[in-house]
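Undergrad: with the sequence up front, the predicted model follows.
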Amino acid sequence: MSYISIDQSQLQSSPDEDHEVREHLLTVDIQQPGEDVCATRFRIRDLTKVSDAGAPILKGINMDIPKGVILGIVGPSGSGKSTVLRALNRLWEPPSGTVFYDDRDILDLDVLSLRRKVGMLFQIPVLFEGTVADNIRYGPQLKGKKLTDNEVHNLLSLADLDSSFFNKTGGEISVGQAQRVALARTLANEPEVLLLDEPTSSLDPISTENIEEVIMKLKKKRGMTIVMVSHSIKQIQRIADIVCLLVDGTIVEVLKPDKLSEAKHPTALRFLQLSA
Ligand SMILES: Nc1ncnc2c1ncn2[C@@H]1O[C@H](COP(=O)(O)OP(=O)(O)OP(=O)(O)O)[C@@H](O)[C@H]1O
Ligand SMILES: [Mg+2]
């Protein structure tokens, strides 16, 4: 049995929370098949960030992310969702001793190899110059590996794009298709984790469904760990195994997707009600 837990100290810092002490860790059990049932991919301990002006952005995040789950992160704008994601592949350098990947402090890992293992997709896909195939070959090429045409086709297919995209350029494809190319380009690095920061928010419902299907397939067939920020509660309910609610730099709830309406934190509850 795996779990994600957050501790009481996170709740005390919330201005909306009364001072009633919650004695137990908030945990959610998630059953996962396979031998990595209890393995933790990311361990986050007391992750804190303060802006240059001295304003708190993250107020001591504690979280274990088990291997092979889809973790959804939801919360109001400015609550720190992207900041947490960016800490996981060092787009923002977290303090030492706060983020661990397979039990190793990520600051002790080579940053480029960490980013290969922990790929990221953003809200707006940005393709490099050249063809779709050039984009997909980019990452492996940095390591001196040239993907064969066949390997490129397989990656296109994994991202639900047919072979006709191989020679297209960024200017010839839609945003939804570009997001799938960006996904194929990320997958070319054979990541173990995908960080997704609202990857479907600029896509139509069909492109959104395509991306969601690919994400679920990657979890199911490859045991990939996926951390996804989304403003769509419905989307999180469709695909996540577990949901963290982030409010004002604090994880205030960890819930199963079908239990979101049981959130107790007032801001979280209001956010969820308005988003439903
Ligand atoms: N480089 C920075 N310097 C100063 N403040 C920052 C910086 N990056 C983010 N912030 C602030 O940190 C807070 C959290 O930002 P973040 O982008 O993580 O929020 P978010 O939850 O992803 O919001 P959204 O849903 O709008 O994307 C915000 O108040 C933001 O203004
Ligand atoms: Mg964000």
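TA: Received the coordinates, thanks. Residues are numbered from 1 along each chain as shown. Ligands and ions are numbered 1, 2, ... in the order given.
Undergrad: element containing the residue nearest the centre of the chain?
TA: The residue lying closest to the centre of the chain (C-alpha atoms, centre = their mean) is Val227, at 2.3 Å. With the criterion set as DSSP states H and E, the secondary-structure element containing Val227 is strand 225-229.
Undergrad: same check on Arg238?
TA: helix 233-239.
Undergrad: what's Phe42 sitting at in phi/psi?
TA: With angles defined as degrees, to the nearest 10, Phe42 sits at phi -120, psi 140.
Undergrad: which residues touch it?
TA: Listed by C-beta atoms under 8 Å, 6 or more residues apart in numbering, the contact set of Phe42 reads Met63, Asp64, Ile65, Leu88, Val99, Phe100, Tyr101, Val193, Thr225, Val227. Just so you know, the C-beta spots here come from the backbone N, C-alpha and C atoms, and that holds for glycine as well.
Undergrad: ok, now how distant is the first one from Phe271?
TA: Computed with C-beta to C-beta, to the nearest Å, the distance linking Met63 and Phe271 is 19 Å.
Undergrad: ditto for Thr98
TA: If you go by C-beta to C-beta, the gap between Thr98 and Phe271 works out to 26 Å.
Undergrad: ok, what's across the strand from Lys59?
TA: With DSSP bridges as the criterion, Lys59 is bridged to Thr48.
Undergrad: what's the neighbour count on it?
TA: Counted with other C-beta atoms under 10 Å, residues neighbouring Lys59 total 20.
Undergrad: hmm, it is touching Thr250, no?
TA: Yes - under the criterion of C-beta atoms under 8 Å, Lys59 makes contact with Thr250 at 4.9 Å.
Undergrad: backbone dihedrals for Glu190, please?
TA: The phi/psi pair for Glu190 (degrees, to the nearest 10) is phi 50, psi 60.
Undergrad: contacts only, for it.
TA: Arg116.
Undergrad: and if we set it to 10 Å?
TA: Residues counted as contacts of Glu190 (C-beta atoms under 10 Å, 6 or more residues apart in numbering) are Arg116, Lys117, Gly119, Gly139, Pro140, Arg222.
Undergrad: any idea of the pLDDT on the second one?
TA: So that's Lys117. At Lys117 the predicted local distance difference test score is 95.
Undergrad: residue contacts, the closest residue to it other than its chain neighbours?
TA: The shortest distance from Lys117 to any residue that is not its chain neighbour, by C-beta to C-beta, 6 or more residues apart in numbering, is 4.9 Å, and that residue is Glu192. Contacts of Glu192 were listed using C-beta under 10 Å, 6+ apart, and they are 41, 67-68, 101-102, 116-119, 222-225.
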